[in-house]
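K.L.:
Next input, structure requested:
(one chain, ligands or ions: 1)
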Amino acid sequence: MTAAPPPVAVSSRRPALGFIGGGVMAEALIGAVTGACLVAPGAILVGEVSEERRRVLRERHGVGVTKDNLAAAGAELVVLAVKPQHLGSVLKQLRGRLREDTIVVSIVAGARLRTLCEGLGHGLVVRAMPNTPARVRKAATFWRASADLSVPALGRVRSLLGALGTEVEVDDEAGVEMATGLAGPMPAFVYLFIEAFIDAGVALGLSREQATLATVESMRGSLELLLRTQESPAALRAQVTSPGGATLAGLKVFESEGVREMVDAAVRAVHARAQELGQLALASREPGKDG
Ligand SMILES: NC(=O)c1ccc[n+]([C@@H]2O[C@H](COP(=O)([O-])OP(=O)(O)OC[C@H]3O[C@@H](n4cnc5c(N)ncnc54)[C@H](OP(=O)(O)O)[C@@H]3O)[C@@H](O)[C@H]2O)c1
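P.N.:
Below is the predicted model:
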């Protein structure tokens, strides 16, 4: 049996940043904001139901942890980072219990600003959609605030989300919903392609290590080229595609197999599912696990 980790001293002062839910995304955000020195670990308090996750977050990041969501919700800025199906019970638990000046940032897929404001009985709410590259401060986060946020409050949100990578404030909440179909799942889409290319390289006869290197370094190089030259993806693709050449033979397979239609259908499916999950959040009223 391993010895219990030493308790982290949580300041009796109001935490600067609170989390409700301490899973994958909360950990990515914690790593990013502490890595950017935006918030000290001791000024972060995470409300999390799982004892194991509380231990992991305390050991890895030195943040304060609690099973009492209301304590974490006492922070100046509170991030809602539970799965959509747990949002209903969290909203119920926090309703009317937030301080008037608390800024709430929800990253819950599908949960609308109106749902969040009404559910919490609170006006200062932001809906944001980051993605897991936040772990290395390379997220693309689209966000929209409720009308009640002041200019300084918007500035605080911008610096929090900016610490995760690139942040984009959109004019309309629909923009966040559309980004949910694209930016949120993009790491999973990219990794699926990487896995498939590595497997194809291995099937051709490369070692897994060589196939991984050929795939990942070529992807990295292609992205760097795109970002640095600012030429269009189509123009850069044309530069690799000589008439009758080998690349064209591969591209023809993608086109004839309907890769564009497949991508379009996948993005639409994510968008639709996120909206369904938002509805599920409204319907969920399970008590039990919180607190
Ligand atoms: N993962 C992504 O790439 C991504 C990207 C953008 C946005 N999001 C959004 O981010 C949110 C969190 O996703 P995630 O991947 O971080 O999920 P996750 O890893 O499952 O983290 C959620 C954590 O919250 C805990 N929890 C459940 N109910 C709770 C409650 N009432 N109070 C406090 N903690 C509670 C869960 O514990 P148990 O596991 O024991 O239930 C879990 O540890 C989701 O709404 C998702 O839509 C995710």
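K.L.:
Now for Gln210: which residues touch it?
P.N.:
By Cβ atoms under 8 Å, 6 or more residues apart in numbering, the residues touching Gln210 are Gly201. Yep, even glycine has a C-beta here, placed from its N, CA and C like the rest.
K.L.:
A helix includes it, no?
P.N.:
Yes - under the criterion used here (DSSP: H, G, I helix; E, B strand; the rest coil), Gln210 sits inside a helix.
K.L.:
confidence score at it?
P.N.:
With respect to pLDDT, Gln210 scores 98.
K.L.:
ok now do Arg144, which residues does it touch?
P.N.:
113, 126-128, 169-173, 175-176.
K.L.:
go on, Thr212?
P.N.:
For Thr212, the set of contacting residues under the criterion of Cβ under 8 Å, 6+ apart consists of Ile198.
K.L.:
what's the neighbour count on the closest residue to the ligand within the stretch 51-200 of the chain?
P.N.:
Closest to the ligand within the stretch 51-200 of the chain is Ala109: 3.2 Å, counting by Cβ to the nearest ligand atom. When neighbours are defined as other Cβ atoms under 10 Å, Ala109 has 25 of them.
K.L.:
Would you enumerate the residues in contact with it?
P.N.:
Contacts for Ala109 were tallied using Cβ under 8 Å, 6+ apart; they are 84, 129, 180, 184, 274, 277-278.
K.L.:
could you say which helix or strand contains the residue nearest to it when sequence neighbours are not counted?
P.N.:
In space, and not counting its chain neighbours, Ala109 is closest to Ala274: 4.4 Å by Cβ to Cβ, 6 or more residues apart in numbering. In this assignment (DSSP states H and E), Ala274 forms part of helix 259-283.
K.L.:
ditto for Ala32
P.N.:
helix 24-35.
K.L.:
Please apply the same query to Gly18.
P.N.:
strand 17-20.
K.L.:
That strand: partners in the sheet, and parallel or antiparallel?
P.N.:
Taking DSSP bridges as the criterion, strand 17-20 sits next to strand 44-47 (parallel), strand 77-80 (parallel) in its sheet.
K.L.:
Can you name the element that comes right after the first one?
P.N.:
The one in question is strand 44-47. Trace forward from strand 44-47 with DSSP H and E and the next one is helix 51-61.
K.L.:
ok so, going back, is the ligand contacted by the strand holding Gly18?
P.N.:
Yes - contact of strand 17-20 with the ligand is found when judged by Cβ under 6 Å from any ligand atom, involving Ile20.
K.L.:
sorry, back to before: need the buried ones from the contacts of Arg144 selected in PyMOL.
P.N.:
The PyMOL command for the buried members of those (criterion: 16 or more other Cβ atoms under 10 Å) is given here:
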select buried, resi 113+126+127+128+169+170+173+175+176
